[in-house]
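Q: Have a look at this prediction, sequence included:
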Amino acid sequence: METDSGLTLREFDGAVEDGYRRLFPGEPDKTPDLLNWRFRDNPHGPAQFAAARDRNELVGMIALVPTRLANAPGSRGFQAIDTAVHPSQRGRGLFVKMGEAAQEGLEGDVLWGFPNANAAPGWYGRLGWTNFGAVPLLMRPLRSTFVLGRLHEKLGAIDFSLVRSRKADAHAYNDGAQLSRDFDPLWRRINSEYGIAVDRSGEWMRWRLFDKPGADYRCVGIKNGAGDLDAFVATRVSDKHGSRLCYAMEAVAAPGAQKSLTRLLLAELGRAARGGAAAALAWCPKGAPNYGAYRRAGFLPVPARLRPIEINFGARALRSEAASAASPGAKWYVSFLDSDTN
C-alpha cells in the first residue's frame, strides 16, 4: 500500500498515541502516562516523530527525543528511539525513508541513538551514521547463583552474596526537588570532563529519576564538609533477562572524590545483593572519569560476543558545523540514564 500523505515530522498527538497502540501492542513501557512523560514533559523540549500514514493510520514511526548536549559543537541533539514499521509495510524501505525525513527536517545538530541488531544496518549503512561500536557494558556478579548457575544447573541452588556489607554514610534522596538542587552544582563542576553527553542538569535529573511514572530508582549521595554533593549513585533493581538485576543508572563524583564514589557504589551493590539481585550492570566508556570507580567496585567489561542482545551506539551530524560530534574519534559519555528502556 502507498502512503496517502507521505512522510511527515510531527509532535506527539493523538494520532501518534494511537500509532503506539498499533505498533507496540501491550508493551509495558508504552503506557499513556509514560508516553506523556517522555514526549511532552521532557525539560529539553517536546519530541518529534518521523511518521508515515496509510489511510489515516500511522504505519511507521521513529521517535526523536530532544537532548541538550554538553561539550558538543552545537548543543541541540535528538535521540532516535522506538523505530517501528507495521507488518503490512515491511520490505518497502519505509524505515530508511523515515530516517531520511528525520535527518533532512530536524532543526538540530546531531541525531544519535542505540540501534539494535535489526536497525543497525539501516542507520549505519543507508543513513550514514558513525558506528561507535557496542554500548560500553560493565558487569559485576552479586550472588553466587549468577556464576555457579552458568556452570551447572544444579549449582544454581547455591546462593550467597558475593559483596561484603559496607556503610557509606550516604544521604538517600526521596524528593526530586532536593536532588535537583544538589546535583545541579555537581554537574556544573564535572561536566567538562565527560566529553559529549546529555546535559544532566538538576532539572533533567529530577525529570528522569523522580517524575517518571512508576519510578523506583534509588538515589544516594555523599556530601562534603561544606554540604555540597561530592558523589552520587542511582540504581534500579529489576527482573529482566531471566534474572534479578541491579542497574547502576549513574555513578559520578567531583574531582578528588573517586574513593567516595567507589565506597558508595560498593555499599549500594551490597544492598542490592541482600535484596536478591544476582548481578549488577552499568554503561560507562573506558575513558570516562568514573570508569576507575566502577572497576574498583568490581565491575568488568563484557565483550560484545558474550552479551545476550546486541545494542550499538551511533550518531550522525545534521549540519556540517557539528561534524566532529559524529566523527569516529568523538568522545561520548553514556550511562543507563540515556537508555529509554531502563
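A: All right, it came through fine. Numbering: from 1, shown residues only.

Q: Count the neighbours of Ile222 for me.
A: 21 (other C-beta atoms under 10 Å). In short, each C-beta sits where N, CA and C put it, glycine included.

Q: For it, give me its contacts.
A: Contacts for Ile222 (C-beta atoms under 8 Å, 6 or more residues apart in numbering) come out as 168-171, 229-232, 257, 260-261, 263-264.

Q: Also Glu268?
A: Ala168, Arg218, Val220, Val233, Thr235, Cys246, Ala248.

Q: next SSE after the helix or strand hosting the fourth one?
A: Think Val233. Applying DSSP states H and E as the criterion places Val233 in strand 229-240. Where DSSP H and E defines the elements, the next helix or strand beyond strand 229-240 is strand 243-253.

Q: That following strand pairs with which strands, parallel or anti?
A: strand 229-240 (antiparallel), strand 279-283 (parallel) (DSSP bridges).

Q: if we can go back for a sec, nearest to Asp41, of the contacts of Ile222?
A: Phe232 (22.4 Å; C-beta to C-beta).

Q: follow-up on the earlier one: need the strands paired with strand 243-253 in TSV with mean neighbour count, mean pLDDT and distance to Val135, can you?
A: Below are those laid out as TSV (neighbours: other C-beta atoms under 10 Å; pLDDT from 0 to 100; distance: least, C-beta to C-beta, whole Å):
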stretch	mean neighbour count	mean pLDDT	distance to Val135
strand 229-240	21	95	15
strand 279-283	23	97	6
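
Q: give me the number of residues near Arg164?
A: If we define neighbours as other C-beta under 10 Å, then Arg164 has 9 of them.

Q: Pull the number of nearby residues for Arg90.
A: If we define neighbours as other C-beta under 10 Å, then Arg90 has 12 of them.

Q: helices and strands of this protein: which one bottoms out on pLDDT?
A: helix 144-151 (a mean of 66; mean pLDDT, DSSP states H and E).

Q: Which strand or helix spans Met61?
A: strand 57-70.

Q: what are the pairing partners of that strand, and which direction each?
A: In the sheet, strand 57-70 lines up with strand 48-54 (antiparallel), strand 76-85 (antiparallel), strand 197-198 (antiparallel) (DSSP bridges).

Q: can you put the strands paired with strand 243-253 in CSV and add distance to Ala119?
A: Below are those laid out as CSV (distance: least, C-beta to C-beta, whole Å):
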stretch, distance to Ala119
strand 229-240, 20
strand 279-283, 18
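
Q: out of those, which comes closest to Phe95?
A: Nearest to Phe95, of the strands paired with strand 243-253 and by C-beta to C-beta, is strand 279-283 at 25.2 Å.

Q: what's the very next helix or strand once past that closest one packed up against?
A: Sequence order places helix 291-296 as the next helix or strand after strand 279-283, per DSSP H and E. Judged by 3 or more C-beta pairs under 8 Å, 6 or more residues apart in numbering; DSSP states H and E, the packing partners of helix 291-296 are strand 243-253, helix 258-274.

Q: Residues contacting helix 291-296, please?
A: Leu138, Ala248, Ala251, Ala253, Gln258, Leu261, Thr262, Leu265, Ala282, Cys284, Pro285.

Q: partners of the residue nearest to the second one when sequence neighbours are not counted in the sheet?
A: In space, not counting the residues next to it along the chain, Ala248 is nearest to Ala282; the distance is 3.9 Å by C-beta to C-beta, 6 or more residues apart in numbering. Beta-bridge pairing for Ala282 (DSSP bridges): Leu138, Ala248.

Q: wait, Ala282 sits on Val334?
A: No: Ala282 is not in contact with Val334 according to C-beta atoms under 8 Å; the separation is 10.5 Å.
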